[in-house]
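Trainee: Sequence plus predicted model, see below.
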Amino acid sequence: MRICVYAASSAHCDPAFHDDARELGRLIGEAGHTLVYGGGSTGSMGAVANGALEAGGDVIGILPKFMDDLEWGHPGLSELQLVEDMRERKHRLLTGSDAVVALPGGSGTLEELFEAITLKRLGIYFSPIVLLNTHGYWDGLVSFMDQVIDQRFMNPEHRAMWQTAAAPGDVLDVIAKTPAWREDARDYAAARPG
């Protein structure tokens, strides 16, 4: 299985976020899955990659060339793919992935996550999307998305587009138990009257 992980590069957040990222990477590597992520060496990005590498896992980084010029890339990956820009990076991260896991992060992580959710809503991406909810980080977002649905900008069926996992040890199980997204997703992509 190829698991795409969206992660932050911040080295200044609570260390618990990095600990969970490293643990998730370790579990992905030990399970024999391939980790694909943004290619960075710091913060949760570096931690998830290091965890997978330490467990003997295959780790693919997708890094824009300007970040490589700034030496932001992880030097020890199984494979580092350099791309032209952020848009191509997002496309490559998601293409061919069997699941997406979003770790707590900032605007970049949120942008990647919302693109995956949007593509799932439109019936373009069908795989699980899991939010690793370290310290309840995603509680506010899940509540906000409930409001989006309650206000009829999305349909009740769209609540099933993402799942949460309380701890790294839950993530692979949540992925395994998430049913495939409905093939008729486009039939209810547009919000309908409540």
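Mentor: Right, received. Where do you want to start?
Trainee: only C-alpha atoms for contact and neighbour calcs from this point on.
Mentor: Will do.
Trainee: Can you list the neighbours in contact with the top strand by length along the chain?
Mentor: Of all segments of type strand in the chain, defined using DSSP state E, the longest is strand 58-64. Applying C-alpha atoms under 8 Å, 6 or more residues apart in numbering, the external contacts of strand 58-64 come out as 29, 32-40, 49, 52-53, 73-74, 77-86, 89, 92-93.
Trainee: Just the residues you listed: which are in helices?
Mentor: Counting by DSSP state H, those place 29, 49, 52-53, 86, 89, 92-93 in helices.
Trainee: right, and H18 touches A49 too?
Mentor: No. The criterion here is C-alpha atoms under 8 Å, and H18 misses it with A49 at 10.8 Å.
Trainee: neighbour-wise, which of these two wins?
Mentor: Applying other C-alpha atoms under 10 Å to H18 and A49 shows that A49 carries more neighbours, namely 36 against 27.
Trainee: Grab the nearest non-local neighbour of that one.
Mentor: G25 (6.1 Å; C-alpha to C-alpha, 6 or more residues apart in numbering).
Trainee: which residues of this structure fall in strands?
Mentor: 2-6, 34-37, 58-64, 79-83, 99-102, 129-132, 163-165.
Trainee: In JSON lines: these, plus mean pLDDT and mean neighbour count.
Mentor: Shown next, in JSON lines, are the strands of the chain (pLDDT from 0 to 100; neighbours: other C-alpha atoms under 10 Å):
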{"stretch": "strand 2-6", "mean pLDDT": "98", "mean neighbour count": "25"}
{"stretch": "strand 34-37", "mean pLDDT": "98", "mean neighbour count": "24"}
{"stretch": "strand 58-64", "mean pLDDT": "98", "mean neighbour count": "24"}
{"stretch": "strand 79-83", "mean pLDDT": "97", "mean neighbour count": "17"}
{"stretch": "strand 99-102", "mean pLDDT": "98", "mean neighbour count": "23"}
{"stretch": "strand 129-132", "mean pLDDT": "98", "mean neighbour count": "25"}
{"stretch": "strand 163-165", "mean pLDDT": "98", "mean neighbour count": "20"}
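Trainee: Can you tell me the strand partners of the longest strand of the chain and which way each runs?
Mentor: Strand pairing for strand 58-64, using DSSP bridges, gives strand 34-37 (parallel), strand 79-83 (parallel).
Trainee: ok, and the most crowded of the ones in helices among the contacts of strand 58-64?
Mentor: A49 (36 neighbours).
Trainee: Contacts only, for that residue.
Mentor: 22, 25, 35, 37, 41, 59, 77.
Trainee: The fifth one against G73, yeah?
Mentor: Same thing as S41. Yes. S41 is within contact range of G73, at 5.6 Å (criterion: C-alpha under 8 Å).
Trainee: Those two: which is more packed in?
Mentor: The neighbour comparison of S41 against G73 (other C-alpha under 10 Å) goes to G73, with 24 against 21.
Trainee: so how many other residues sit close to the nearest residue to the more buried one once chain neighbours are set aside?
Mentor: The shortest distance from G73 to any non-neighbouring residue, by C-alpha to C-alpha, 6+ apart, is to G40 (4.6 Å). Close neighbours of G40, defined as other C-alpha under 10 Å, add up to 27.
Trainee: All set now, cheers.
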